[in-house]
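Enquirer: no FASTA, just this:
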């Protein structure tokens with residue numbers, strides 16, 4: 001028997017960064033995101049050897065261990081081992097060997113929530129294998145705790161919930177780890193037009209989001225007024241984006257994205273750089289009305305809103321920078337698990 005799962009990556013449309021503590025604990029955060037047709041995958045295949053094998057098929061990394069209730073966290077395949085360790089601690093795992101294999105459709109550090117989505121997918125495979133009675137909120141919160149508490153990885157809360165729930169969601173974040181996921185019922189023609197006009201571009205660089213997020217956290221802790229006010233405005237941007245999507249006022253999306261891009265740069269010094277600015281300026285010159293860096297910033301994916309038929313000119317302009325325009329579609333579903 002093989003137990004499989006997959007979870008979708010996401011595009012953050014507005015409010016990015018307001019899901020990170022201590023900001024959301026003090027002021028409340030809000031984010032609007034949408035899952036796309038790029039995914040993280042996990043498979044668990046029991047074996048008769050009693051050996052635990054963990055591997056990333058996309059990165060070609062593999063480790064073997066004799067069965068143990070806890071695997072070492074040492075900087076190698078820690079996401080895979082961290083999920084196993086938490087599941088082993090909280091639930092009854094048979095003392096048998098297995099092979100845990102993963103694959104992600106986008107590189108780590110690309111700004112689409114790859115790490116958190118991978119944790120959700122791995123959890124999904126264990127839930128399927130062990131028949132664990134966990135709902136969507138349970139899985140998302142457990143994934144958050146594994147990353148932020150067990151593995152001490154800096155970051156926010158949106159990715160785990162996007163990957164688990166799927167679709168287009170307006171999410172609210174409060175203290176005491178309270179999260180409310182509000183699925184948005186957007187008319188299909190609005191989503192089709194958004195998908196047509198929103199260009200997803202990989203800058204051909206990945207980045208370490210932790211350092212950017214740590215600076216953002218420090219700015220809030222020392223009550224840096226410029227940074228905190230920028231986050232307030234990004235939270236308002238999420239509300240604005242929700243309204244235009246629900247009402248079909250798509251012509252305003254580019255302007256709202258551009259407003260958010262200006263605010264995002266005020267949150268931390270290394271969110272943008274000369275390369276990102278050049279790409280952004282070229283996209284706007286070619287017809288985009290706005291855009292943003294996906295994720296924490298510093299590199300990875302960017303998105304641009306291109307009304308009318310300007311997406312073709314924008315795509316052509318972006319290719320000069322050596323990156324890749326990525327084709328995608330929006331998805332309605334989140335984490336899925338099955339066995340064969």
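Expert: Received it, and whenever you're ready, just let me know what you need. Source: prediction; values computed, not measured.
Enquirer: Name the helix or strand for residue 230, please.
Expert: In the assignment (DSSP states H and E), residue 230 maps to helix 225-247.
Enquirer: which of the residues in that helix are buried?
Expert: The neighbour-count criterion (16 or more other Cβ atoms under 10 Å) identifies 227-228, 230-231, 233-238, 240-242, 244-245 as the buried residues of helix 225-247. All C-beta atoms are positioned from the backbone trio N, CA, C, and that covers glycine.
Enquirer: residue boundaries of the helices in this structure?
Expert: Read by DSSP state H, the chain holds these helices, from start to end of the chain: 23-27, 78-90, 114-130, 136-145, 158-165, 188-197, 209-221, 225-247, 253-264, 274-285, 311-318.
Enquirer: So which of these is the most surrounded?
Expert: With neighbours taken as mean count of other Cβ atoms under 10 Å, these reach their highest mean count in helix 158-165, at a mean of 30.
Enquirer: That one to helix 136-145, inter-axis angle?
Expert: Orientation of helix 158-165 against helix 136-145 (axes from the mean of the first three to the mean of the last three Cα atoms, to 10 degrees) gives an angle of 150 degrees.
Enquirer: any idea of the mean pLDDT in helix 158-165?
Expert: Averaged across helix 158-165, the pLDDT comes to 98.
Enquirer: So which residues make contact with that helix?
Expert: 7-10, 12, 16, 19, 31, 33, 35, 40, 113, 115-117, 119-121, 136-137, 139-141, 143-144, 147, 169, 171, 173, 179, 181, 183, 334-335 (Cβ atoms under 8 Å, 6 or more residues apart in numbering).
Enquirer: same deal with stretch 220-234?
Expert: Under the contact criterion Cβ under 8 Å, 6+ apart, stretch 220-234 has outside partners 14-18, 22-23, 26-27, 29, 216, 219, 259-260, 263-264, 266-268.
Enquirer: same thing but at 7 Å, please
Expert: Applying Cβ atoms under 7 Å, 6 or more residues apart in numbering, the set of residues contacting stretch 220-234 from outside is 15, 16, 17, 18, 22, 23, 219, 260, 263, 264, 266, 267.
Enquirer: can you pull the contacts of the nearest residue to residue 61 once chain neighbours are set aside?
Expert: Among residues not flanking residue 61 along the chain, residue 77 sits closest, at 5.9 Å (Cβ to Cβ, 6 or more residues apart in numbering). Shown here is residue 77, whose contacts under the criterion Cβ under 7 Å, 6+ apart are 54, 56, 61, 63.
Enquirer: Check the contact between the first one and residue 81; I expect there is one.
Expert: Right, residue 54. Yes: look at residue 54 against residue 81 with Cβ atoms under 7 Å: they come within range, at 6.2 Å.
Enquirer: Count the residues that sit near residue 76.
Expert: 12 (other Cβ atoms under 10 Å).
Enquirer: pretty sure it is touching residue 63, no?
Expert: Yes: counting by Cβ under 7 Å, residue 76 does reach residue 63; the two are 6.3 Å apart.
Enquirer: and the residue lying closest to residue 28 once chain neighbours are set aside, what are its phi and psi?
Expert: If the residues on either side of it in the chain are set aside, residue 28 comes closest to residue 174, at 5.3 Å by Cβ to Cβ, 6+ apart. Backbone geometry at residue 174, expressed as degrees, to the nearest 10, gives phi -130, psi -180.
Enquirer: low pLDDT regions in the stretch 51-200 of the chain?
Expert: Along the stretch 51-200 of the chain, segments meeting pLDDT under 70 are nowhere present.
Enquirer: Which residue is the nearest non-sequential neighbour of residue 251?
Expert: In space, residue 251 comes closest to residue 307 once its chain neighbours are excluded; the distance is 6.4 Å by Cβ to Cβ, 6+ apart.
Enquirer: Was I right to think that neighbour contacts residue 289?
Expert: Yes: under the criterion of Cβ under 7 Å, residue 307 makes contact with residue 289 at 6.0 Å.
Enquirer: Next, show the common contact partners of the two.
Expert: Listed contacts common to residue 307 and residue 289 are residue 254; contacts here mean Cβ under 7 Å, 6+ apart.
Enquirer: more crowded one of these two?
Expert: Summary of the neighbour comparison: residue 307 and residue 289, criterion other Cβ under 10 Å, with residue 289 having more neighbours (21 against 17).
Enquirer: so how far is residue 192 from the residue nearest to that one when sequence neighbours are not counted?
Expert: Distance criterion Cβ to Cβ, 6+ apart; nearest residue to residue 289, sequence neighbours excluded, is residue 254 at 2.6 Å. Taking Cβ to Cβ, to the nearest Å as the measure, residue 254 and residue 192 are separated by 17 Å.
Enquirer: try residue 119
Expert: Distance, residue 119 to residue 192, by Cβ to Cβ: 31 Å.
Enquirer: Could you do residue 157 as well?
Expert: With Cβ to Cβ as the criterion, residue 157 and residue 192 are 29 Å apart.
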